[in-house]
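Q: next input, structure requested:
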Amino acid sequence: RQSAGDAPAAPDSVASTLDSLAGQLRKLGFGSEAAMAGAQHACRAHTVEGRPEGVAEYRRRDVAIDWLCLSLPEEELPVAFQVTRRVQIVRPRGAGAGAA
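A: Numbers count the residues shown, from 1 in each chain. From the prediction side, this is the model:
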């Protein structure tokens with residue numbers, strides 16, 4: 001007999017976890033398809049024998065973000081996660097080569 005703690009996760013529970021995580025990723029600016037792919041990757045990475053491993057929700061989100069940043073082309077990443085567009089140099093007016 002299996003105790004309640006040994007029962008596999010209910011499909012509704014897994015779907016709820018995926019939807020919640022994908023929603024968090026969409027709020028960060030990831031597209032719907034990318035957010036769901038990241039959520040699926042993170043949930044697979046933290047699943048043991050078909051059951052969600054006991055990891056904190058924020059850790060799954062971090063795994064998903066890491067995977068998305070490594071998997072998506074930079075132009076598909078939200079601006080906050082794009083390396084080349086994060087730095088902007090602003091010079092005050094008149095700060096050219098001859099300004100004193």
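
Q: buried stuff in the helix of greatest length in the chain?
A: Secondary structure of the chain read by DSSP state H shows that its longest helix is helix 11-27. Residues of helix 11-27 classed as buried: 14, 17-18, 21-22, 24-26 (neighbour count, 16 or more other C-beta atoms under 10 Å). (Glycine included, C-beta is placed from N, CA and C.)

Q: residues near the residue nearest to Glu75 when sequence neighbours are not counted, how many?
A: Sequence neighbours aside, Gln82 is the residue nearest to Glu75 in space, at 7.7 Å (criterion: C-beta to C-beta, 6 or more residues apart in numbering). The tally of other residues near Gln82 (other C-beta atoms under 10 Å) stands at 13.

Q: for His41, same thing?
A: 17.

Q: okay, and it sits in which element?
A: helix 32-45 (DSSP states H and E).

Q: buried residues in that helix?
A: 34-39, 41-43.

Q: average pLDDT across it?
A: Averaging pLDDT along helix 32-45 gives 92.
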